[in-house]
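Asker: Let me see the structure of the following:
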Amino acid sequence: MSGSRDERLCRPAAVCVAEANRRLPEPSAKSLRIAPIAGWVGLVIAGCVFRLLLDPHAVLPVLNAMMGVPFLSQALLRSAALVHIAKRRRVERTAKGHADVSCLPEVLPTYAILVPLLKEAEIIGQLIEGLCRIDYPADRLQISLIVEEDDTCTQSAIARHMLPDHMRVVVVPQGEPRTKPRALNHALADASGAYVVVYDAEDLPNPGQLREALAVLVSNSETTGCVQARLNVYNADSNAITRQFALEYSALFGAVLPTLDRLGLPIPLGGTSNHFPRRVLEQVGGWDPYNVTEDADLGIRLARLGYDVRVIPSTTLEEAPESLRVWIRQRTRWLKGWMQTYLVHVRHPRRLWRELGTYRFLGFQMMLGGMILSALVHPWFLIMLCYASFSWEGMASNWLVGFGTFNLIAGYGTAMALGAMAVVPQNRRLAWSVLAMPVYWIAISCAAYLAV
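Answerer: Predicted coordinates:
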């Protein structure tokens with residue numbers, strides 16, 4: 001992008017988004033034109049179904065092997081995370097789990113905090129109190145509370161509070177699509193700050209998180225495109241759903257994403273506590289307003305432009321869904337967004353391969369593709385394994401059952417071990433909840449098919 005650094009910081013985000021669209025053709029989920037990929041996938045599925053109807057015994061071993069690949073890829077990734085988490089935990093105990101902030105300049109750079117809100121009137125007081133606890137000079141900070149134009153309840157709730165000078169309300173005009181990323185792009189256009197972080201309404205970030213993230217961004221200014229803080233939940237003990245959610249978050253943000261960071265692989269970002277240099281955020285075009293997991297998509301776009309995502313141990317606490325209905329809606333939206341992200345970026349596989357390189361391309365397939373496929377094939381994998389166990393005889397049956405059983409044990413075993421190991425430092429009692437993980441995975445598969 002031409003122009004000086006200061007000029008880039010002052011340019012409207014909408015202009016930078018348009019430039020990014022020209023640099024990265026078809027980067028948005030607005031239109032999922034995937035005819036070549038869909039055609040090949042459709043032919044494979046049709047061929048398998050046709051062959052299955054003619055001779056189930058001949059095709060089931062092939063299907064079993066194909067279904068086992070995503071399970072095996074996820075098991076390998078979790079195994080790497082298990083190896084890494086023990087080493088990292090020892091280092092964190094020595095370093096007290098915090099980044100070195102001694103490299104920060106005496107006069108800190110300006111920071112913009114973007115907080116998108118939608119029907120959050122009940123927790124506005126908690127939100128403002130939490131944001132006021134952030135340890136950063138108020139004169140170097142601008143906090144934007146982003147509300148939709150027709151969300152009068154949230155606007156009224158904010159109006160009942162005396163906001164500090166560094167906090168403002170940004171009203172997003174009505175329009176389509178009515179999404180969180182569209183609201184973020186609107187607020188970014190006139191936000192002040194050389195660095196940007198996104199928080200959700202229910203978030204309780206560690207007060208020193210901005211300084212820790214900034215220390216990493218400053219020390220690796222040329223290669224680091226984003227710093228992702230860890231996410232965890234503060235209501236883990238509420239019920240069975242929140243316990244599984246806490247196990248999942250502890251494993252993902254406490255082990256899997258740091259492992260991807262260490263291995264230099266693409267990282268699909270979490271939906272909150274992402275810290276960016278503003279120049280990088282504008283270079284990649286901001287957030288895709290048509291992708292319902294704009295964070296995951298942004299992480300892959302950063303990787304395609306050669307940037308790294310670093311994960312820091314500073315934790316943001318948020319609320320896990322406490323009802324099955326809310327959980328299903330949230331997980332369906334997440335899986336839909338991960339599918340959108342995957343389809344957008346494999347639209348031109350050769351270009352993706354060239355931009356990521358072979359190593360990161362395979363990592364992208366393992367992390368995002370494997371996660372989606374494992375959710376979709378999990379119930380069929382169980383059905384096929386049961387069918388093979390009870391209906392087949394001879395060596396072929398033993399091989400099929402053996403391979404399927406190994407994949408199943410590896411998938412469940414690594415997930416349970418990683419969940420238990422990751423959650424023990426925060427809540428030792430939750431470790432026993434990993435035994436219910438197979439049931440939770442079935443629920444995830446239900447959400448995956450709703451997403452499809």
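
Asker: Can you give the domain ranges for the protein?
Answerer: Following automatic domain parsing, the chain resolves into domains at 68-83+350-451, 97-349.

Asker: between those, which one is nearest to S28?
Answerer: When the domains of the chain are compared by Cβ to Cβ, domain 97-349 sits nearest S28, at 5.0 Å. Glycine gets a C-beta too; all of them are placed from N, C-alpha and C.

Asker: And the strands in the stretch 51-200 of the chain?
Answerer: Ranges of strands in the stretch 51-200 of the chain, per DSSP state E, counting those that start in this stretch, are 111-117, 141-148, 167-172, 195-198.

Asker: of all these, which lies closest to A80?
Answerer: Of the strands of the stretch 51-200 of the chain, the one closest to A80 (Cβ to Cβ) turns out to be strand 195-198, at 28.1 Å.

Asker: What helices and strands are in contact with whichever helix or strand comes after the closest one?
Answerer: Following strand 195-198 in sequence order, the next helix or strand is strand 204-205 (DSSP states H and E). Counting contacts by 3 or more Cβ pairs under 8 Å, 6 or more residues apart in numbering; DSSP states H and E, strand 204-205 is packed against strand 308-318.

Asker: Listing partners with orientation, what would you give for the strand it packs on?
Answerer: strand 204-205 (antiparallel), strand 224-233 (parallel) (DSSP bridges).

Asker: Now render those strands as JSON lines, adding mean pLDDT.
Answerer: Formatted as JSON lines, the strands paired with strand 308-318 follow (pLDDT from 0 to 100):
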{"stretch": "strand 204-205", "mean pLDDT": "92"}
{"stretch": "strand 224-233", "mean pLDDT": "95"}
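
Asker: Can you tell me which of those is most buried?
Answerer: Most buried of the strands paired with strand 308-318, by mean neighbour count (mean count of other Cβ atoms under 10 Å): strand 224-233, with a mean of 24.

Asker: now the helix or strand that that one is followed by, how far from the centre of its chain.
Answerer: Using DSSP H and E, the next helix or strand after strand 224-233 towards the C-terminus is helix 240-251. Centroid displacement of helix 240-251 relative to its chain, using Cα atoms, centre = their mean, to the nearest Å, is 15 Å.

Asker: Hey, what's the angle from helix 240-251 to strand 308-318? Just curious.
Answerer: 150 degrees (axes from the mean of the first three to the mean of the last three Cα atoms, to 10 degrees).

Asker: Any chance of the strands paired with strand 308-318 in JSON lines with distance to V197 as columns?
Answerer: Formatted as JSON lines, those follow (distance: least, Cβ to Cβ, whole Å):
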{"stretch": "strand 204-205", "distance to V197": "8"}
{"stretch": "strand 224-233", "distance to V197": "9"}
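
Asker: And those: which comes nearest S73?
Answerer: strand 224-233 (21.8 Å).

Asker: Quick check: buried residues in the helix or strand containing A213?
Answerer: Per DSSP H and E, A213 falls inside helix 209-219. For helix 209-219, burial by neighbour count (16 or more other Cβ atoms under 10 Å) applies to 209-218.

Asker: that older thread, highest average neighbour count across the domains of the chain?
Answerer: For those, the largest average neighbour count (mean count of other Cβ under 10 Å) is found in domain 97-349, namely a mean of 19.

Asker: From the chain's centroid, how far away is it?
Answerer: 10 Å.

Asker: Also stretch 421-436?
Answerer: Here the centre of stretch 421-436 is set off from its chain's centre by 22 Å, with Cα atoms, centre = their mean.

Asker: right, and V216 touches R310 too?
Answerer: Yes: between V216 and R310 there is a contact at 5.1 Å, judged by Cβ atoms under 8 Å.

Asker: Quickly list what's touching both of these two.
Answerer: Counting by Cβ atoms under 8 Å, 6 or more residues apart in numbering, the shared contacts of V216 and R310 are 224, 227.

Asker: So which residues of the stretch 251-400 of the chain form strands?
Answerer: 274-277, 308-318.

Asker: one step back: show me the one of the strands of the stretch 51-200 of the chain that comes nearest P277.
Answerer: Nearest of these (Cβ to Cβ): strand 195-198, 5.9 Å.

Asker: Kindly export that closest one (C-alpha atoms) in PDB.
Answerer: C-alpha atoms of strand 195-198 as PDB (Å, rounded to 0.1, in the frame of the first residue of the first chain):
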ATOM      1  CA  TYR A 195      -3.400  -0.700  17.600                       C
ATOM      2  CA  VAL A 196      -6.900  -2.300  17.700                       C
ATOM      3  CA  VAL A 197      -8.500  -4.900  19.900                       C
ATOM      4  CA  VAL A 198     -12.000  -6.500  19.800                       C
END
